[in-house]
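Asks: The amino acid sequence is not available; the structure is as follows:
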């Protein structure tokens, strides 16, 4: 065989080998998530932004918390049949193996190789500010994702049923909505994202409840818009508020509690010290593939330290934190929250002799938690963007 024919054969074999490797790689990527969903163990959330221990609970659980969800059950009930497609979509959203790894490498490729930002996930604003672009936040910011009349009525009925069921047991109920960053700092949003309609979903819900219900909703927007003139309340590259913003939110919740329990003393800013601490994981930078970029987080703590003791519950199925404070003015509390609420955890804990903090957000609270704990107060906190992709489920506690 001459040198030329040998070279041609080598090229053909290499081409076939490359094509074979490409096919294998494609099949591997195609089947890897399914295999991962079958063999991986249940995933527990990382509950601290700064460290993976309870000494940093004042910072809250990491925003990337996503525990495995059970496969939804399909019954012959009409409500089950109608809800099954959405519940199945949520199941794959939270259980899709290596989802975050794929997102990370996609955003890193787009950012590093093409010099672009994944606009569907992260919005690049003015002066280096970043904003979350998913979960319907941008459409809602522009006023293009309004509630229907039926959806507003569903929210009203859900909140009223929870409040009334708790009231029959002598339990106070407080529903809190923490605003998204672009709501408090719209001046840093890019000019290309204009406001088409002024009214957002939160505007609609607040107005609807004021006109059609006596259920109370704690809206933190006015207070934060005023306080941001004094200090920074949200981090420029985070989707969350910082320690100062969380403290302002805590104060508003404590003021509501004070109306029910006059002996409760709301902590003042003068009682605390503000410091800066390295933020080892900034969520929007991570979504851009820039997880190695470090930022500084403003944190706040009482000058004399936090009086409440907190520890992680041993429940293997859920992420729970319990607290105790022997000289607190209120007996027991159930606090259902997301990453915004957990940033207020240590401040809230000092007002309850016993408290259970449950990650739940807009999905509501479990009636069994109430029946087991028998709290004096139930606080449910959700972030504003949860109104975009979450509808309340009827509480099964009649």
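Replies: Yep, that arrived. What you are looking at is a predicted structure, and each value in this text was computed from that prediction instead of being measured.

Asks: Helices of the stretch 201-350 of the chain, start to end?
Replies: Along the stretch 201-350 of the chain, counting by DSSP state H, counting those that start in this stretch, helices occupy 201-212, 221-227, 243-260, 283-287, 339-342, 345-349.

Asks: What helices and strands are in contact with the first one?
Replies: Put plainly, it is helix 201-212. If contacts are counted by 3 or more Cβ pairs under 8 Å, 6 or more residues apart in numbering; DSSP states H and E, helix 201-212 sits against helix 149-167, strand 217-219, helix 386-389. For every residue, glycine as well, the C-beta is placed using N, CA and C.

Asks: residues making contact with the second one?
Replies: Which is strand 217-219. 159, 174-177, 202, 205-206, 209, 252-253, 256 (Cβ atoms under 8 Å, 6 or more residues apart in numbering).

Asks: Type out the ChimeraX command that picks the buried ones from those residues.
Replies: Buried subset of the contacts of strand 217-219, written as a ChimeraX selection, criterion 16 or more other Cβ atoms under 10 Å:
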select :159,174,175,176,177,202,205,209,252,253,256
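
Asks: of all the contacts of strand 217-219, which comes closest to residue 292?
Replies: Proximity of the contacts of strand 217-219 to residue 292 was ranked by Cβ to Cβ; the top entry is residue 177 with 33.7 Å.

Asks: returning to what we had before: Serialize the contacts of strand 217-219 to JSON lines and add fields for distance to residue 82 and pLDDT.
Replies: Shown next, in JSON lines, are these (distance: Cβ to Cβ, whole Å; pLDDT from 0 to 100):
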{"residue": "159", "distance to residue 82": "22", "pLDDT": "93"}
{"residue": "174", "distance to residue 82": "31", "pLDDT": "96"}
{"residue": "175", "distance to residue 82": "25", "pLDDT": "95"}
{"residue": "176", "distance to residue 82": "29", "pLDDT": "96"}
{"residue": "177", "distance to residue 82": "27", "pLDDT": "96"}
{"residue": "202", "distance to residue 82": "26", "pLDDT": "97"}
{"residue": "205", "distance to residue 82": "23", "pLDDT": "97"}
{"residue": "206", "distance to residue 82": "28", "pLDDT": "97"}
{"residue": "209", "distance to residue 82": "25", "pLDDT": "96"}
{"residue": "252", "distance to residue 82": "37", "pLDDT": "98"}
{"residue": "253", "distance to residue 82": "35", "pLDDT": "98"}
{"residue": "256", "distance to residue 82": "36", "pLDDT": "97"}
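
Asks: Wasn't residue 355 part of a helix?
Replies: No: Residue 355 sits outside any helix when classified using DSSP: H, G, I helix; E, B strand; the rest coil, being strand.

Asks: So what's the residue count around it?
Replies: 28 (other Cβ atoms under 10 Å).

Asks: Of the helices of the stretch 201-350 of the chain, which is nearest residue 293?
Replies: Nearest to residue 293, of the helices of the stretch 201-350 of the chain and by Cβ to Cβ, is helix 283-287 at 4.9 Å.

Asks: Could you identify the helix or strand that succeeds the lowest-mean-pLDDT helix or strand in the chain?
Replies: Here the helix or strand of the chain ranked lowest by mean pLDDT, DSSP states H and E is helix 99-113, holding a mean of 58. Counting by DSSP states H and E, the next helix or strand C-terminal to helix 99-113 is strand 122-124.

Asks: neighbouring strands for that following strand, and are they parallel or not?
Replies: strand 130-132 (antiparallel) (DSSP bridges).

Asks: residues near the closest residue in space to residue 300 that isn't next to it in sequence, how many?
Replies: Excluding the flanking residues, the one nearest residue 300 by Cβ to Cβ, 6 or more residues apart in numbering is residue 243, at 4.2 Å. Residues within reach of residue 243, counting by other Cβ under 10 Å, total 25.

Asks: Quick check, pLDDT for residue 243.
Replies: Looking at residue 243, its pLDDT reads 94.
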